[in-house]
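Novice: heads up, no residue letters with this:
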């Protein structure tokens, strides 16, 4: 629409000539929307994985506290632990049933190695994040 000299400018005329989006504009808008959604999803999943590692770290820290309590009660650490029912080699409970269930929910896997010579243990756990982060704990050291 051309404007003649002296004729007033009308916005309605411009809108009538171009009353929609081109396919390229729509594709660009959808592409940008998809990129924003993927970035948001990535940030969300990263947060979920970090939360799983934090939960596993807390479970292992609590497990160390239980083992220290066991050591105080029995004057030694357990030689072995069966993590299916959380009992030691003499079928004594090392952890409560509720904590045993929590370990199964919060950790992907867990192993316990005890050295009777120096009365030390190494507890190795894997978090349920997408990397199965390894968390190791001894009576003195806690590492991720």
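Specialist: Arrived safely, thanks for sending. In this text, all values refer to a predicted model and were calculated from it rather than measured experimentally.
Novice: mean confidence for the helix or strand encompassing residue 51?
Specialist: For residue 51, the enclosing helix or strand under DSSP states H and E is helix 23-74. Confidence over helix 23-74 (mean pLDDT, whole number) is 93.
Novice: Tell me the first helix or strand C-terminal of it.
Specialist: Next along the chain after helix 23-74, taking DSSP H and E as the criterion, comes strand 81-82.
Novice: Report the spatially nearest residue to the residue nearest the centre of the chain, omitting neighbours in sequence.
Specialist: With the centre of the chain defined as its mean C-alpha position, the nearest residue by C-alpha atoms, centre = their mean is residue 49, 2.2 Å away. Nearest in space to residue 49, with sequence neighbours left out and distances taken as C-beta to C-beta, 6 or more residues apart in numbering, is residue 129 at 4.1 Å. For glycine as for every other residue, the C-beta is placed from the backbone atoms N, C-alpha and C.
Novice: Could you look up the SS state of that neighbour?
Specialist: Secondary structure, DSSP: H, G, I helix; E, B strand; the rest coil: residue 129 is coil.
Novice: what's the neighbour count on residue 44?
Specialist: Close neighbours of residue 44, defined as other C-beta atoms under 10 Å, add up to 10.
Novice: again, but for residue 136
Specialist: The burial metric for residue 136, expressed as a neighbour count using other C-beta under 10 Å, is 14.
Novice: That one contacts residue 123, doesn't it?
Specialist: Yes. Residue 136 sits in contact with residue 123 when judged by C-beta atoms under 8 Å, with a separation of 6.9 Å.
Novice: and residue 61, how far is that from residue 67?
Specialist: With distances taken as C-beta to C-beta, to the nearest Å, residue 61 is found 11 Å from residue 67.
Novice: neighbour-wise, which of these two wins?
Specialist: residue 67 (22 against 12).
Novice: list the contacts for the more buried one?
Specialist: When the contact criterion is C-beta atoms under 8 Å, 6 or more residues apart in numbering, the partners of residue 67 are 77-78, 94, 121, 123, 139.
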